[in-house]
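*Asks:* I'll drop the sequence and a predicted model, then ask my questions.
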Amino acid sequence: MALKILKTGVAGAGAMGLGIAQVLGQSGFEVVLFDVNAQQLDKAKAEITKNLEAAVSKNKMSAGERDKTLSQITFSTDINALKADFIIEAIVEKLEVKQELFTKLAAINSGETILATNTSSIPVTRIAHGIKNPERVVGMHFFNPAHIMKLVEVITGAETSGEVAETIKELTKALGKTPVMCKDSPGFIVNRVARNYYVESLKILEERIASIETIDALMESAGFKMGPFKLMDFVGNDINFAVTSSLFESFHGEAKFRPSRIQQQKVDAGHLGKKTGKGFYDYKNTP
């Protein structure tokens, strides 16, 4: 790597954060997984352990490798524990919250610490604005579930240094992932393309052209592994709606990115998908 990375940190112990921490630990990096919520950290530890146990049962790793991975990860509610060569945030998709976090991290770390964002839609340049040493802020967008999905978007903001971008590219490879380099833009590559998969499906539902089940069945018959409504439930309707809203704002209200009233209603009702037991489908009796 262009820059040396030994100790790493992950801010946010939700589905994406815990997956990224697991991948870093499995790859031999020392990791601090930080979250302000102690209960969330307990859940993250349990989920990481569950993922590793599943890998052992499928003979994809040994019991020793499982134990070694767990020993690499430290769980903390103290932001001062996030002192590392590389830190990636996987927190709420809100610009001001990410900037506040990076400002705090910049204050307790050296000017050479790489600050990566797992944002799925907010331009990296906007996140880096006002942060000390903005050249070390870079996008590193994993996909859910992070410990399984191979693709990682590496996004260079207006001030991201070439050395930092190259380091993240090499780090991605070291994690066994496939890096795709892209320039800064709302939604980058995948989420910009994928919005139409979601938004157009929701428009078809709004216009009562076809049912949820029919739309999913048609898209799966065309070769997609998951229909759009199953996929929204898997990702989380709150997350999916937030990304669509972010792109709609970033593209100054362009109609093709208009968020759906149907999905907003799901979010308002707390029907977020698999994680809450109900979304576009009912999962309460699903094992």
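*Replies:* Perfect, thanks for sending it. Numbering: from 1, shown residues only.

*Asks:* need the helices for the stretch 101-250 of the chain, in chain order.
*Replies:* 124-128, 162-174, 190-206, 212-221, 228-235, 237-250 (DSSP state H, counting those that start in this stretch).

*Asks:* Out of those helices, the one nearest T74 is which?
*Replies:* helix 162-174 (19.2 Å; Cβ to Cβ). (Each C-beta comes from the backbone N, C-alpha and C, glycine too.)

*Asks:* Going by contacts, tell me the helices and strands next to the closest one.
*Replies:* On a contact count with 3 or more Cβ pairs under 8 Å, 6 or more residues apart in numbering; DSSP states H and E, helix 162-174 meets strand 114-117, strand 137-141, strand 151-156, strand 178-183.

*Asks:* between it and strand 178-183, how many degrees?
*Replies:* 160 degrees (axes from the mean of the first three to the mean of the last three Cα atoms, to 10 degrees).

*Asks:* Looking at helix 162-174 now, give me its mean pLDDT.
*Replies:* The average pLDDT for helix 162-174 rounds to 97.

*Asks:* mind listing what's buried in it?
*Replies:* Going by neighbour count (16 or more other Cβ atoms under 10 Å), the buried part of helix 162-174 is 164-172.

*Asks:* still on that earlier bit, take the helices of the stretch 101-250 of the chain and write them to TSV, including distance to V32.
*Replies:* What follows is these, written out as TSV (distance: least, Cβ to Cβ, whole Å):
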stretch	distance to V32
helix 124-128	21
helix 162-174	16
helix 190-206	28
helix 212-221	40
helix 228-235	26
helix 237-250	24
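
*Asks:* do you know which of those lies nearest N144?
*Replies:* helix 228-235 (6.2 Å).

*Asks:* so what's the closest residue in space to P145 that isn't next to it in sequence up against?
*Replies:* Distances taken as Cβ to Cβ, 6 or more residues apart in numbering put G19 closest to P145, at 5.3 Å, once the chain neighbours are dropped. Residues in contact with G19 (Cβ atoms under 8 Å, 6 or more residues apart in numbering) are 51, 142, 144-147.

*Asks:* Report the secondary structure element holding G19.
*Replies:* helix 15-26 (DSSP states H and E).

*Asks:* avg pLDDT for that helix?
*Replies:* Here helix 15-26 scores 97 as its mean pLDDT.

*Asks:* and it, how far from the chain's centre?
*Replies:* From the chain centre to the centre of helix 15-26 is a distance of 10 Å (Cα atoms, centre = their mean, to the nearest Å).

*Asks:* Repeat that for stretch 88-102.
*Replies:* What separates the centre of stretch 88-102 from the centre of its chain is 12 Å, taken as Cα atoms, centre = their mean.

*Asks:* Buried residues of that stretch, list them for me.
*Replies:* Result for stretch 88-102 [16+ other Cβ under 10 Å]: buried residues 88-91, 93, 98-99, 101-102.

*Asks:* ok so, going back, relative to L6, which of the helices of the stretch 101-250 of the chain is closest?
*Replies:* Here helix 162-174 is closest among the helices of the stretch 101-250 of the chain (Cβ to Cβ), at 11.4 Å.

*Asks:* what's in contact with the longest helix anywhere in the chain?
*Replies:* In the chain, taking DSSP state H as the definition, the longest helix is helix 38-57. Around helix 38-57, the neighbours that count as contacts under Cβ under 8 Å, 6+ apart are 13-14, 17-19, 21-22, 25, 33, 35, 61-63, 66, 69-70, 73, 75-77, 147.

*Asks:* what's the weakest-modelled helix or strand in the chain?
*Replies:* Least confident helix or strand of the chain, by mean pLDDT, DSSP states H and E, is helix 237-250 with a mean of 93.
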